[in-house]
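1. My questions concern the predicted model and sequence given below.
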Amino acid sequence: MKRHDALGVLVIGTGRMGADHVRRIEEVTSGARVVAVVDVDPARAEQVAAGIDGCRTYTDPVAAMASPDVDAVLVASPGVAHEAALLAAFSHDLPVLCEKPLTPDAASALRVLEAERRLGRRRVQVGFMRRYDAEYLKLKSLLDTGRLGRPLMLHNVHRNMASPPWWTSAMHINDSVVHEIDVTRWLLGQEITAVTVLCPRPSVNAPEGLQDPQFVVMETDGGAIVDVEINVNCGFGYQVRAEVVCERGTARIGDGRGMVVNSAGQWGGTIAQDFIERFEDAYDREVQAWVDATRRGEVTGPGVWDGYAVAAVCEAGVRARTEGRRVEVELVERPALYR
Ligand SMILES: NC(=O)C1=CN([C@@H]2O[C@H](COP(=O)(O)OP(=O)(O)OC[C@H]3O[C@@H](n4cnc5c(N)ncnc54)[C@H](O)[C@@H]3O)[C@@H](O)[C@H]2O)C=CC1
Ligand SMILES: O=C1[C@@H](O)[C@H](O)[C@@H](O)[C@H](O)[C@H]1O
């Protein structure tokens, strides 16, 4: 495809994820090109735009969206900036791929939902990329056949190498378990109704004052129990595992046994070091699916309702830990646009 026929994408936020998505759109994705990037830090925007033919830089997302060659927006700024970017995109009638979380809390997610409802059509795909990961897709297909019977339990492990200095105990849920919350709703096709968080003795690897790891237990409206070990200072790599226990069998993904090498009295493989490495294919498929759907004038994948429901569960989860009790999740009635 010629460059000028391609979907013109504006990328907001050129940090770790934004820069990686810019590279992806330019080098991996077909049918799209990056026409402009925005960052409150102009040096970062310029660094990412350098070498991309005709790519403009801005510090103000609203000014950037007004440009006629912008067909679609990819939001990769921090979660607190997502609501403003999404509302601005709605006012320019632009389709959006918004990195997770949709917004940091249920009230702001609901404001976005109401704004999209007023538009009368879905415009947003939320960046829950695990839905595009080959192993998660296999697990979902297997569950959908019903061969193993109904799912009873879902065990998850989510480990990060080390937390950055600004990490807080609430981020275990808002930033990390947010993915298992989305995956649970998607894999099981059920809503999460209550959350309990148990905390073991903090790891010696965790910075002073940080509650790490945490053990999250969720209940669903289909009668399943879901647990997540979230451990953001495991010290050895990045691991994401899931095992579904059904009535007639179990299925597990995420063991990462790509290649096992035997040598000098040892056997073993490698462990990914971060999400960029582990989920590279999922991000590629996610962005390609968004570009393809946008070019057809459609929105597919997780949307604003999913972003809102996940935000409500995250909020319940953070309260469950700080208040030391089981907290029920409250959702508004699902509007017709999202059924
Ligand atoms: N799907 C996934 O696996 C992952 C998703 N994320 C999500 O991606 C988003 C970005 O995260 P990172 O790239 O890790 O953060 P980052 O801190 O590396 O980059 C954020 C960038 O946005 C810029 N920025 C801040 N406020 C802005 C605003 N109002 N307008 C424009 N630019 C602004 C910052 O200057 C920075 O360059 C977050 O929503 C995060 O939750 C992050 C890591 C993995
Ligand atoms: O979204 C992500 C990060 O923000 C988060 O910090 C990590 O824990 C997740 O594994 C990653 O996918």
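-> Great, that's in hand. Ligands and ions are numbered 1, 2, ... in the order given.

2. Figure out the helix or strand that M153 lives in.
-> Assigned by DSSP states H and E, M153 belongs to strand 151-159.

3. ok, residues contacting that strand?
-> Applying Cβ atoms under 8 Å, 6 or more residues apart in numbering, the set of residues contacting strand 151-159 from outside is 143, 176-177, 179-180, 183-184, 187-188, 222-232, 234, 237-247, 254. In this view, the C-beta of every residue, glycine as well, is placed from N, C-alpha and C.

4. Relative to that strand, what are the paired strands and their orientations?
-> Using DSSP bridges, the strands paired with strand 151-159 in its sheet are strand 225-231 (parallel), strand 239-246 (antiparallel).

5. Show me which residues of this protein are close to ligand 2?
-> Proximity of the chain to ligand 2 is assessed by Cβ under 6 Å from any ligand atom, with 100, 160, 175-176, 179, 275 identified as the residues in range.

6. Go again with 8 Å.
-> Proximity of the chain to ligand 2 (Cβ under 8 Å from any ligand atom) is limited to residues 100, 129-130, 158, 160, 171, 175-176, 178-179, 230, 232, 238, 240, 275, 279.

7. Any quick PyMOL command for the buried ones out of those residues?
-> When burial is assessed using 16 or more other Cβ atoms under 10 Å, the buried subset of these is captured in PyMOL by this command:
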select buried, resi 100+129+130+158+160+171+175+176+178+179+230+232+238+240+275+279
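
8. Inside helices: which ones of the residues of the chain next to ligand 2?
-> Per DSSP state H, helices hold the following members of the residues of the chain next to ligand 2: 171, 178-179, 275.

9. out of those, who's nearest ligand 2?
-> Distance from ligand 2 was checked for each of those by Cβ to the nearest ligand atom. The minimum falls on F275, at 3.9 Å.

10. That closest one is in contact with Y238, isn't it?
-> Yes - F275 is within contact range of Y238, at 6.2 Å (criterion: Cβ atoms under 8 Å).

11. how does this structure divide up, domain by domain?
-> 3-130, 131-280+311-338 (automatic domain parsing).

12. how about the residues of the protein that lie near ligand 1?
-> Taking Cβ under 8 Å from any ligand atom as the measure of proximity, the chain contacts ligand 1 at 12-20, 38-41, 44-45, 59, 61, 75-82, 84-85, 98-101, 127-129, 175, 179, 275-276, 279, 283.

13. try it again with 5 Å
-> Remark: the part of the chain in contact with ligand 1 comprises 13, 15-17, 38-41, 44, 76-77, 79, 81, 99, 127, 275, using Cβ under 5 Å from any ligand atom.

14. Inside helices: which ones of these?
-> Cross-referencing the residues of the chain next to ligand 1 with the helices (criterion: DSSP H) gives 16-17, 44, 275 as the overlap.

15. What subset of those is buried?
-> Judged by neighbour count, with 16+ other Cβ under 10 Å as the criterion, the buried members of these are 17, 44, 275.

16. And the residue of the stretch 1-150 of the chain that's closest to ligand 1?
-> Sorted by distance to ligand 1 under Cβ to the nearest ligand atom, the residues of the stretch 1-150 of the chain start with G15, at 1.7 Å.

17. Would you map the strands across the stretch 201-339 of the chain?
-> According to DSSP state E, counting those that start in this stretch, the stretch 201-339 of the chain carries its strands in the segments 214-220, 225-231, 239-246, 249-253, 261-263, 266-268, 327-328.

18. Cheers, nothing more for now.
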